[in-house]
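> from the sequence below, what's the structure:
(chains A and B)
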Amino acid sequence: EAAVTQSPRSKVAVTGGKVTLSCHQTNNHDYMYWYRQDTGHGLRLIHYSYVADSTEKGDIPDGYKASRPSQENFSLILELASLSQTAVYFCASSDDGSAPLFGEGTRLSVL
Amino acid sequence: QQKVQQSPESLTVSEGAMASLNCTFSDGTSNNFRWYRQHSAKGLEVLVSIFSDGEKEEGRFTAHLNRANLHVSLHIREPQPSDSAVYLCAVSMKGSNYNVLYFGSGTKLTVEP
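Now for the predicted structure:
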């Protein structure tokens, strides 16, 4: 069964600390994405990747880095976490033309 | 940049009554439209995808697209309390080679027994 798995599911981080969110897909999809959702808002694209070892900036990349070491894995890295990065983060994967499949989200609180 | 807006922000319907949700987009060359459902604290579940003007039905969910009016809607037939969730409209822009989606802010649907 197609799946996108995110870890951790929730995290509390301190301001200025480093945070890594991980995503693993078993769908054999080429494309992977990281979105951010703030309360009362839709999802906004942070980074995406269409092939291993390559990442692209989305609409709100500032303060975030991404890493795609393999087709299955895509990480989002916050080098210096800030209060404004408190949000729910979603990872997704897709093939060309297919509806992106989403993970269940990671709830990040930066204190 | 693509702007996607949804209305209403929230909607309450009785079980069995039709629920209609609206979505407008700014880029008339958009060619790929999807409706997702998001239950509280859960991921997103794709309900229906539509790529050309007209209607597309998936079970109790029907999407209707009118690109000339920059409008796509979702109609839920015989909604049930388990359909209570946030519904998100997502649009891909023409020329997006990587299936990148732009989302509206969602409509919170409550279905009362």
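> residues touching residue 64, list them.
Let's take chain A. A:34, A:46-47, A:76-78 (CB atoms under 8 Å, 6 or more residues apart in numbering or on different chains). For every residue, glycine as well, the C-beta is placed using N, CA and C.
> please go with chain B instead
By CB under 8 Å, 6+ apart, the residues touching B:H64 are B:50, B:54-55, B:72-73, B:75.
> that one sits in which helix or strand?
If you go by DSSP states H and E, B:H64 is part of strand B:61-66.
> tell me which residues in the very next helix or strand once past that strand are buried?
As assigned by DSSP H and E, the chain's next helix or strand after strand B:61-66 is strand B:71-76. Going by neighbour count (16 or more other CB atoms under 10 Å in any protein chain shown), the buried part of strand B:71-76 is B:72-76.
> which of those residues sits closest to B:V100?
Top of the list for closeness to B:V100, among the buried residues of strand B:71-76 and by CB to CB, is B:V72 at 17.3 Å.
> quick check: beta-bridge partners of the closest one?
According to DSSP bridges, the residues that bridge with B:V72 are B:C23, B:L65.
> repeat that for B:V86.
B:Q38, B:K108.
> can you get me a residue count around it?
21 (other CB atoms under 10 Å in any protein chain shown).
> any idea of the pLDDT on it?
As predicted, B:V86 sits at a pLDDT of 95.
> I'd say it and B:S105 touch.
No. Using CB atoms under 8 Å as the test, B:V86 is too far from B:S105 to be in contact (9.2 Å).
> how about the CA coordinates for the strand holding B:H64, as CSV?
The C-alpha trace of strand B:61-66 is given here as CSV (Å, rounded to 0.1, in the frame of the first residue of the first chain):
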residue,chain,number,x,y,z
PHE,B,61,-18.1,13.6,-4.3
THR,B,62,-18.6,15.6,-7.5
ALA,B,63,-16.2,18.3,-8.7
HIS,B,64,-17.3,20.9,-11.3
LEU,B,65,-14.8,23.0,-13.2
ASN,B,66,-15.4,26.2,-15.1
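> cool, thanks, signing off.
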